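Undergrad: Prediction below, plus the sequence it came from.
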Amino acid sequence: MNFNPEHLSSLRIDANRLWQSLMTLAQIGGTEKGGVCRLALTELDRQGRDLVTSWAREAGMTVTVDQIGNVFMRRAGRQPDLPPIMTGSHIDTQPTGGKFDGNYGVLAGLEVVRCLNDHGIETEAPIEVAFWTNEEGSRFVPVMMGSGVFAGAFSLEHAYQAQDQEGKTVLEELQRIGYVGTEVPGQHPIGAYFETHIEQGPVLEDADVTIGVVSGSLGIRWFDCIVTGMEAHAGPTPMALRQDALQVATHLMQAVVSTAHKYAPHARGTVGMVHVHPNSRNVIPGRVKFSIDLRNNTDAGVEAMADEIKALAQSLQGSTGLRIELTLVSSFPAQPFHPACVEAVSAAAAHLGYSQMPVVSGAGHDAIYTARLAPSGMIFIPCKDGISHNEIEDAKPEHIEAGCNVLLHAMLGQAKVSPPR
Ligand SMILES: [Zn+2]
């Protein structure tokens, strides 16, 4: 084949082949409502893994597995010593998962390789497609387990010991499905990492934009809050003499939401879990425990929100006399993506003529862990009504196609193509 830079710039993936692969993989664990239930390290996960790796081998790729079951499918480059330009995601799903979450990122990577094969294009750096173990965290905690071990966020031993509800461990289940590799997690160089994913939120669809250029992920702070008052009869106790824990708690709950509005557009504030004691119609609540989830695109931003909640809790405690305990239970730093990867995604979208906008990732993704080790970036496409982790999750074929074309050109820019020898 004659090398022609113009040919390279007009290169497009095979959208139909990608769609068919997505639909075929979705049959493994397919549900009646059109979703997918393929929990990590189950027999169905094994079948999904076997299918995807068989496709990779058919495409001429070599497959390696690390000790936490992360799988790396490699297309050779001309310079084998260069670190690979990698893409990937996950193929495990939620119990009520959809066809696209994770699976799209993996199969889009495979489609990039198939497309390069079709056109006989060699890259200088190898290209790799990864799928990471237990991204969803539905069967085993912590979430993003494979990429987390890979990035050193927690140890392999810690991950191995995690148990599902029946007491089966990650190690036992990895062994059972035959996916304990020999490679030490993290001992696998990455030149740059891109991940294509449905947005799982409503921003792109609302703006009628095809490509979300992801600048990074939100920092997260989780608190438990306990307000302690005094139970008393709802009839005989006059309003002035009550210690109503719920009434005090609602001030804080409102503040969680109002502080997120104040720090728009990237801030989020959610109270998702509330326990009222004794939860009786005619008893003044004596104790309320609730969760607080604060997010923002910078750590300074999310800390500022947390400081406001803490200050309000202190002043409410002073003015009402009720005890308010605020405990930080979990914290994830904001993770900006690498400017070169963000720019590569934006430039590819521009080259291809797709509408684009900068977005932040409100959800966790494997790319957030790879970003600790290597330049990383993400490509979002719209999904129907912003819905994910639901069997009705849906994405338009033209968006699936567009995101994969952006991935192709972003990766080619990093992996470098030169004329045939
Ligand atoms: Zn996902």
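TA: Structure received. Residues are numbered from 1 along each chain as shown.

Undergrad: Can you tell me what sits against stretch 25-43?
TA: Here stretch 25-43 makes contact (Cβ atoms under 8 Å, 6 or more residues apart in numbering) with 44-45, 47-48, 51-52, 69, 91-99, 103, 107, 133-136, 138-140, 145, 170, 173-174, 176-177, 179, 390-393. Backbone N, C-alpha and C define where each C-beta goes, glycine included.

Undergrad: Sort out which of those are buried, if you could.
TA: By neighbour count, with 16 or more other Cβ atoms under 10 Å, the contacts of stretch 25-43 hold 44-45, 47-48, 51-52, 69, 91-99, 103, 107, 133-136, 138-140, 145, 170, 173-174, 177, 179, 390-391, 393 as buried.

Undergrad: hang on, the earlier thing: let's see which of the contacts of stretch 25-43 end up in helices.
TA: Using DSSP state H, the members of these that fall in helices are 44-45, 47-48, 51-52, 103, 107, 145, 170, 173-174, 176-177.

Undergrad: Strands along the stretch 251-400 of the chain, start to end?
TA: For the stretch 251-400 of the chain, applying DSSP state E, counting those that start in this stretch gives strands covering 268-270, 274-277, 283-284, 287-296, 323-332, 335-336, 356-361, 376-381.

Undergrad: brain fart, the stretch 51-200 of the chain
TA: Here the stretch 51-200 of the chain has its strands, by DSSP E, counting those that start in this stretch, at 62-65, 71-75, 85-89, 127-131, 192-198.

Undergrad: and those as a markdown table, adding distance to the ion, mean neighbour count and mean pLDDT?
TA: What follows is those, written out as a markdown table (distance: least, Cβ to the ion, whole Å; neighbours: other Cβ atoms under 10 Å; pLDDT from 0 to 100):
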| stretch | distance to the ion | mean neighbour count | mean pLDDT |
| --- | --- | --- | --- |
| strand 62-65 | 20 | 16 | 98 |
| strand 71-75 | 16 | 23 | 98 |
| strand 85-89 | 6 | 28 | 98 |
| strand 127-131 | 11 | 28 | 98 |
| strand 192-198 | 6 | 29 | 98 |
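
Undergrad: Tell me which residue in the stretch 251-400 of the chain sits closest to the ion.
TA: Of all residues in the stretch 251-400 of the chain, residue 365 sits closest to the ion, with a separation of 6.1 Å (Cβ to the ion).

Undergrad: burial of that residue, as a residue count?
TA: For residue 365, the count of nearby residues is 26 (other Cβ atoms under 10 Å).

Undergrad: In this structure it contacts residue 217, no?
TA: Yes. Counting by Cβ atoms under 8 Å, residue 365 does reach residue 217; the two are 7.1 Å apart.

Undergrad: Point out where this protein drops to low pLDDT.
TA: 1-5, 420-421 (pLDDT under 70).

Undergrad: For the residue lying farthest from the centre of it, give its distance to residue 306.
TA: Within the chain, the residue lying farthest from the chain centre (Cα atoms, centre = their mean) is residue 236, at 51.8 Å. Separation of residue 236 from residue 306 (Cβ to Cβ, to the nearest Å) stands at 39 Å.

Undergrad: can you check residue 203 too?
TA: 24 Å.

Undergrad: what does residue 289 give?
TA: Computed with Cβ to Cβ, the distance linking residue 289 and residue 306 is 18 Å.

Undergrad: can you check residue 414 too?
TA: With distances taken as Cβ to Cβ, residue 414 is found 37 Å from residue 306.

Undergrad: quick one, what contacts the spatially closest residue to residue 107 that is not a sequence neighbour?
TA: Distance criterion Cβ to Cβ, 6 or more residues apart in numbering; nearest residue to residue 107, sequence neighbours excluded, is residue 21 at 4.8 Å. Going by Cβ under 8 Å, 6+ apart, residue 21 touches 55, 107, 110, 111.

Undergrad: Dihedrals phi and psi, residue 21?
TA: Dihedral pair for residue 21: phi -60, psi -40, per degrees, to the nearest 10.

Undergrad: what's the spacing between it and residue 131?
TA: Distance, residue 21 to residue 131, using Cβ to Cβ: 13 Å.

Undergrad: again, but for residue 193
TA: For residue 193, the distance to residue 131 equals 13 Å [Cβ to Cβ].
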